[in-house]
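Engineer: Sequence and predicted structure, then a few things I'm wondering about:
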Amino acid sequence: MLSKKWSVLVAVLVIVSTLLAACGTPEPAVVEVEVTREVEVEGETRIETEIVIVTATPEPAVATRPNIMYLTFGPGDVPTLDPSLSTDTSSVQVVDELTIGLTKLNEVTLELEPGMAENWSASDDGLTYVFNLVQGVPWVRWNGSEVEEVLDDEGNVRYVTAQDFEYGLKRTCNPETASDYAYVLGFALAGCNELLEAEGFVDLDDEAKQAVIDGVAAKALDDYTLEVTFTTPAIYNLNIVGMWTGRAQPWWLIADRGDRWTEPGFNQSYGPYALKEWIHDSTLTLIKNPFWPGLDSAPVAQIDEIVFSMLDASPAFAEYEAGNLDSVGVPLADLDRVKADPVLSEELTIAPHGCTYYYGFNTSKAPVDNVHMRRALSHAIDRQDLVDNVTKGGQEPAQWFCRPGMAACPTMESHPDAGIKSDPDAAKAELQAYMDEMGYASIDEIPEIILMHNTSEGHQRIAEAISEMWKETLGIQVSVTNQEWKVYLKTIQEDSPHVWRLGWCLDYPDANNWTREVFAIGGHEESATQWRNEEFTAICEEAALEEDLATRQNMYAEAETILCYEDAAIAPIYWYTMVNVTKPYVNRTYSQHGHEAYEKWSLDLTMD
Amino acid sequence: MGRYVIRRVLWMLLVLFVISLITFVMEHSVPGGPFDQEKKLPAEIIANLEKKYHLDEPYWKQYMRFLYDVLVPQITQGESVSMLDEAMINIKLGGDYYLRWVNFGPSFTSRSRTVNDIIREQLPVSIQLGIISMAIAITIGLPMGIVAALKQNTIWDYLGMSVAIFGVSVPVVAMGPVLVWIFGVTLKWLPPTGWGAKPPYLLFFIPRNLFSWDFWKYAMMPAFAVGTGYSAIIARLSRASLLQVVHEDYIRTARAKGLAERVVTVRHALRNALIPVVTILGPMFAAVLTGLFVVEQVFGIPGLGKYFITSIGNRDYPVIMGTILLYAIFLVIANVVVDVTYAWLDPRIRYE
């Protein structure tokens, strides 16, 4: 009996392996092999030798492609590779491969992991952290033929030190650097905001400048120990210090080259990849850094080179179909075709993405100065219908502003009733309440509402669909207008229309970056909403210091309900998704925060 | 002739000055600034950015600063430029010293590059594409127009002119993706996007792999897409012009004195008929260069046309000024060249 079982098992294995081989390569070179098998007959010790012929896959398959991955950024050149100056997705993406922060955000779980700091300790008041750095990570550069270690004037290898991190943090806060993103460090890192706002800084002499710069509370205690002091004992400090604005920077190089230090040929870095080539506006090539020791959070790269081309969505998709790109976003126009295509639909993934699309109200302009009117408008947006039939990318209808998945953001499971829901009956009831309050007898007496968006086909489709919903459900008059992007930004800051659109994407995955930074008093969109709520701001400020995650989440849920329902200062619309196609030979992770960790990706080189 | 050229150059400088002034006034009067973005920046950050780029100064001072940087040659120390800088306007004087001239300043969008870098790296690609497109336009358009005129009202005429109308009516934005779909995605004969030449270039714009398939396989589709549109214009113009000329008295005279029909056509009719065609070639080349935005977008070509358009959306003032002035120079020079050629083709025209 035993022998039969074994025979069956062998047979099954042979079949399975053949099938697997057939899946991997379209035309497997199946060969017939003679195998000598020893059969043990039940109960006896007699050993019988027989020869069977089985089919099997040949020797290990040979690589059919070079270990190079081809990807794309959006159209236009990557603006910068300077950690202090990066603001956009593609710049930050490259900076994230060239350098690793003190802490690192796991792109899948959004959990905080040790980065260049192996470990850290906090003072009792939670304000001062001492980071112990990973030792022996050299600075590297591409010398035209290979990646080499950077040497100092005496010929010794330059390793990444606490001084480099201190310099990087201080450079970001320096007004002469003029970093866009410095404000995030500004409110977290002690002394940074004072430096950013220093009056007449440029006119000081070098010594006086250095004195002001040294007010920033980042200090190298020795080569591998960095002390950083924060303004508040907030839970997200460790996230902020790991952002791209807080990376180690090569001070010797920047002193020499100024803002051009990031250019190809000059660039020095230490992360999993190094800059090999950057043909402006065309391609940017990263090459594996052989000197990167590998961390749990950022392992040694498996793919030798990554080539990014800078293409518009449609040409990029054509390149993907021609087999020249390995992963691209799907243009909306092609989405239906991709879903119907037997091959492409298999390669399609729709993953959550850390951005929110929303409409804001100017709460000081009639008729949306009335909360019932605002609630009516927000209730009347059929978000599910919108994502199913207009945006189509599998976006999630949003009930509140903060994207679920961010630390302490409420989720649909934990707080299904937070924020506001799409509900036509509630919308009509709120409209009635508004009319009663205003003493209007007919809907025609309600002033016309202006809905404005920046000029773009996508925004226009959404605006038309929503204004149609408002007209149908509420019967009110809506006029949709648009303005060129920069004009639009000026308009909504200076004299925003009744309803305007904006999006928000995370800087660091904490509810503080969303709910508080954008809408609390002094937040980014205060002038656009004309909305100030002390209670809301107080909840957000308390939540920043709360340590228990569940309690924090409840606090933000409460704040979001004030923002989106009680005061209805904004109407959240949907939470973004990433709609991507990826070739089957790419083993990848899907980032939740918009920046991928390519060092964790690999290519199956034997697949076509 | 010499005095004529000098006069034209002086006029050119005046025109450029006026253009720069108009551009400056317009770019600063459009609402929205270079640092307005979706995530509104705090006031102190904007202040630091404006200080860095001197946008906090009064307008007249900003304009004077621009004029000074462009007109006055300066010797600077250190501050070496990118890998590709040993050219044109940043001349290495030896040691750590550089002569910098015609300096359009930094780009607000590409923070590690200057406008000069952008022009130096992106303009050669536009010129390459522009020249090939023009060559295609002339090779297709001119014979088509001539044949159509000589065989007026025959099937050749109708066929040629239908093709011409088709070429004019189908814009690059439609033809580009169709070409990409056919030759790039379906047949896989040509790469769908990209450009085959890399800096550095010979004589600032000639690709080092000019005689290689690696260059042409990228250039063919976009140049064809641009070229056909302009070939239609050339065909229609040369047809109309030739038709007019063959009815002139001097053609009748030439025939009457017994010249062979071939000689009449080539030496007398064509030469005169080409004058209006040559006249538009210069401005057409300038139009091709400035109009490359769409084709660069569709085929992912790293040319300057993109910057010409996107810099306006970005309010990237130095790039706006740099590209507009550059294209203005092209246009003005093209016109001068045309005037000179014109006189050469038609001896009755004199420099006055």
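Structural biologist: Here it is on my side, so go on.
Engineer: wait, what's in contact with residue 322?
Structural biologist: No chain was given, so I picked chain A. A:Ala322 makes contact with B:184-185, B:188, B:191-192, according to Cβ atoms under 8 Å, 6 or more residues apart in numbering or on different chains. The way it works is simple: take the backbone N, C-alpha and C, and place the C-beta from them, glycine included.
Engineer: meant chain B actually
Structural biologist: Counting by Cβ under 8 Å, 6+ apart, B:Gly322 touches B:104, B:115-116, B:118-119.
Engineer: Please apply the same query to A:Leu311.
Structural biologist: A:Leu311 neighbours (Cβ under 8 Å, 6+ apart): A:72-75, A:319, B:193, B:300.
Engineer: list the contacts for the residue of chain A at minimum distance from chain B?
Structural biologist: When distances are taken as Cβ to the nearest Cβ, chain A reaches nearest to chain B at A:Lys486, 2.8 Å away. Listed by Cβ under 8 Å, 6+ apart, the contact partners of A:Lys486 are B:30-33, B:36, B:313-315.
Engineer: SS state for the residue nearest to it when sequence neighbours are not counted?
Structural biologist: Nearest residue to A:Lys486, sequence neighbours excluded (Cβ to Cβ, 6 or more residues apart in numbering or on different chains): B:Gly32, at 2.8 Å. Classification of B:Gly32 by DSSP: H, G, I helix; E, B strand; the rest coil places it in coil.
Engineer: residues near B:Gly32, how many?
Structural biologist: Residues within reach of B:Gly32, counting by other Cβ atoms under 10 Å in any protein chain shown, total 19.
Engineer: got a list of what whichever residue of the stretch 251-352 of chain B sits closest to chain A touches?
Structural biologist: When distances are taken as Cβ to the nearest Cβ, the stretch 251-352 of chain B reaches nearest to chain A at B:Pro302, 3.8 Å away. By Cβ under 8 Å, 6+ apart, the contact set of B:Pro302 is A:77, A:279-282, A:310, B:121-122, B:125, B:195, B:296.
Engineer: Check A:Glu464 too.
Structural biologist: A:Val480 are the contacts of A:Glu464 under Cβ under 8 Å, 6+ apart.
Engineer: which parts of the stretch 151-300 of chain A sit against chain B?
Structural biologist: A:175-176, A:178-180, A:182-183, A:186, A:193, A:196-197, A:202, A:256-266, A:279-283 (Cβ under 8 Å from any Cβ of the partner chain).
Engineer: From the residues you listed, list the buried ones, please.
Structural biologist: Among those, those buried by neighbour count (16 or more other Cβ atoms under 10 Å in any protein chain shown) are A:175, A:178-180, A:182-183, A:186, A:193, A:196-197, A:257, A:259-264, A:266, A:279-283.
Engineer: the helices in the stretch 201-350 of chain B, which residues?
Structural biologist: Applying DSSP state H, counting those that start in this stretch to the stretch 201-350 of chain B gives helices spanning B:213-245, B:249-256, B:261-263, B:271-290, B:293-299, B:305-314, B:317-345.
Engineer: Model confidence for the closest residue to B:Ala232 other than its chain neighbours, exactly?
Structural biologist: In this structure, B:Ala232 finds its nearest non-sequential neighbour in B:Gly167, 3.4 Å apart by Cβ to Cβ, 6+ apart. The score at B:Gly167 is 79. That number is its pLDDT.
Engineer: pretty sure B:Gly167 is in contact with B:Arg236, am I right?
Structural biologist: No - if you go by Cβ atoms under 8 Å, B:Gly167 and B:Arg236 don't touch, sitting 9.6 Å apart.
Engineer: Neighbours of B:Val178, how many?
Structural biologist: By other Cβ under 10 Å, neighbour count at B:Val178 equals 11.
Engineer: Please read the previous query as pertaining to A:Gly594.
Structural biologist: 16.
Engineer: so it, which of the three states?
Structural biologist: Strictly by three-state DSSP, A:Gly594 counts as coil.
Engineer: Now for the chain, the helix or strand with the poorest mean pLDDT.
Structural biologist: Using chain A. helix A:2-24 (a mean of 44; mean pLDDT, DSSP states H and E).
Engineer: Wait, chain B was what I had in mind.
Structural biologist: In chain B, the helix or strand scored least confidently by mean pLDDT, DSSP H and E is strand B:90-94, which has a mean of 71.
Engineer: Now do the buried residues in whatever helix or strand comes next after it.
Structural biologist: Counting by DSSP states H and E, the next helix or strand C-terminal to strand B:90-94 is strand B:97-100. Across strand B:97-100, burial judged by 16+ other Cβ under 10 Å covers B:98, B:100.
Engineer: what's the next secondary structure element after strand B:97-100?
Structural biologist: Past strand B:97-100, the next helix or strand by DSSP H and E is helix B:115-150.
Engineer: That next one near chain A at all?
Structural biologist: Yes - Helix B:115-150 reaches chain A (Cβ under 8 Å from any Cβ) through B:117-118, B:121-122.
Engineer: quick one on the thing from earlier: whatever helix or strand the residue of chain A closest to chain B lives in: how far from the chain's middle?
Structural biologist: Element membership for A:Lys486 (DSSP H and E) is helix A:485-494. Taking Cα atoms, centre = their mean, to the nearest Å, the mean C-alpha location of helix A:485-494 is offset from the chain mean by 25 Å.
Engineer: now whatever residue of chain B ends up closest to chain A: how far from A:Asn454?
Structural biologist: Nearest to chain A in chain B, going by Cβ to the nearest Cβ, is B:Gly32, at a distance of 2.8 Å. Separation of B:Gly32 from A:Asn454 (Cβ to Cβ, to the nearest Å): 11 Å.
Engineer: check which helix or strand covers A:Leu335.
Structural biologist: Using DSSP H and E, the element containing A:Leu335 is helix A:332-340.
Engineer: can you dump the C-alpha coordinates of that helix into CSV?
Structural biologist: C-alpha atoms of helix A:332-340 as CSV (Å, rounded to 0.1, in the frame of the first residue of the first chain):
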residue,chain,number,x,y,z
LEU,A,332,-9.4,56.7,-17.4
ALA,A,333,-10.1,56.5,-21.1
ASP,A,334,-8.5,53.0,-21.2
LEU,A,335,-10.0,51.6,-18.0
ASP,A,336,-13.1,50.0,-19.5
ARG,A,337,-11.0,48.3,-22.2
VAL,A,338,-8.5,47.1,-19.6
LYS,A,339,-11.2,45.6,-17.5
ALA,A,340,-12.6,43.8,-20.5
